[in-house]
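Novice: structure of the sequence below:
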Amino acid sequence: MQHYPKHILRCQHIKVNGTQCGSPALKNQRLCFFHQAHRPRVLRMDRNLKQAAASITLPVLEDANSIQVAVMQVTRLLLTGQIDHKTAALTLYALQIASSNLARLSFEADKPTRIVVDCATVAETPLGYTPWSAHGKAHDSESGEEEQPPQNTMARILLHRLGFSDEDIARIRRQEEQGYEETVEEDAPQNAPAGDMQACCSLV
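Specialist: Numbering: from 1, shown residues only. Predicted coordinates:
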């Protein structure tokens with residue numbers, strides 16, 4: 001089971017089927033980026049001056065359940081004479097479009113770490129990395145290579161004893177995979193032979 005930093009809170013939006021949103025909430029906020037911008041709203045629908053204005057709580061149209069609830073509310077207003085036929089027809093047509101778009105929508109990212117939780121730090125996210133880390137350190141790789149916590153293999157333990165951190169090991173592996181020339185003489189501790197260090201990194 002994947003564990004995320006405790007300071008990254010979960011969005012408190014509850015969908016119409018009773019499930020909670022699985023996205024991380026924005027920093028110092030109750031909701032995630034999407035639900036903060038698109039909250040359920042109470043809309044007033046004035047039919048005419050003779051009757052009291054009708055109201056409808058339009059949910060976030062994020063899944064088939066929410067669209068069905070919206071259709072039910074429009075139908076109720078139509079049957080009770082609280083909304084005119086033209087407005088009901090246009091509303092139901094809009095809901096039909098929303099329903100047809102469901103297959104192409106994805107309001108929740110497949111990885112929570114891809115969702116921005118602090119808009120003030122987006123400039124610090126490097127290309128190819130997520131906005132934040134599941135382990136509370138720097139950023140995770142978009143490729144998923146850093147999705148799991150590092151395992152304490154023998155090679156990693158040896159590199160740690162030579163003075164290398166997990167960030168150093170990950171950086172060296174990325175450079176090797178991208179075909180860069182690794183200048184280990186500058187980065188490695190004085191007592192760590194370059195050839196031995198590269199061989200250990202290939203085993204991690």
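
Novice: low-confidence ranges in the protein?
Specialist: Applying pLDDT under 70 to the chain flags residues 1-2, 40-54, 144-152, 177-204.

Novice: how is it divided into domains?
Specialist: When the chain is parsed with automatic domain parsing, its domains come out as 7-123, 150-204.

Novice: make TSV from the ones you listed and add distance to residue 142 to it.
Specialist: Quick note: C-beta positions are derived from backbone N, CA and C, even for glycine. Output for the domains of the chain, formatted as TSV (distance: least, CB to CB, whole Å):
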stretch	distance to residue 142
domain 7-123	8
domain 150-204	12
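
Novice: pipe the ones you listed into a markdown table and attach mean neighbour count and distance to residue 130 per row.
Specialist: Converted to a markdown table, the domains of the chain look like this (neighbours: other CB atoms under 10 Å; distance: least, CB to CB, whole Å):
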| stretch | mean neighbour count | distance to residue 130 |
| --- | --- | --- |
| domain 7-123 | 14 | 4 |
| domain 150-204 | 14 | 14 |
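
Novice: quick one, what contacts the residue sitting nearest the centre point of the chain?
Specialist: By CA atoms, centre = their mean, the chain has its centre lying nearest to residue 115, at 3.0 Å. Listed by CB atoms under 8 Å, 6 or more residues apart in numbering, the contact set of residue 115 reads 23, 24, 32, 33, 109, 131.

Novice: likewise residue 7?
Specialist: Contact partners of residue 7, counting by CB under 8 Å, 6+ apart, are residue 136.

Novice: again, 6 Å this time
Specialist: Going by CB atoms under 6 Å, 6 or more residues apart in numbering, residue 7 touches no other residue.

Novice: again with residue 28
Specialist: If you count contacts by CB under 6 Å, 6+ apart, then residue 28 has nothing around it.

Novice: please tell me how far it sits from residue 143.
Specialist: 30 Å (CB to CB, to the nearest Å).

Novice: all good on my end, thank you.
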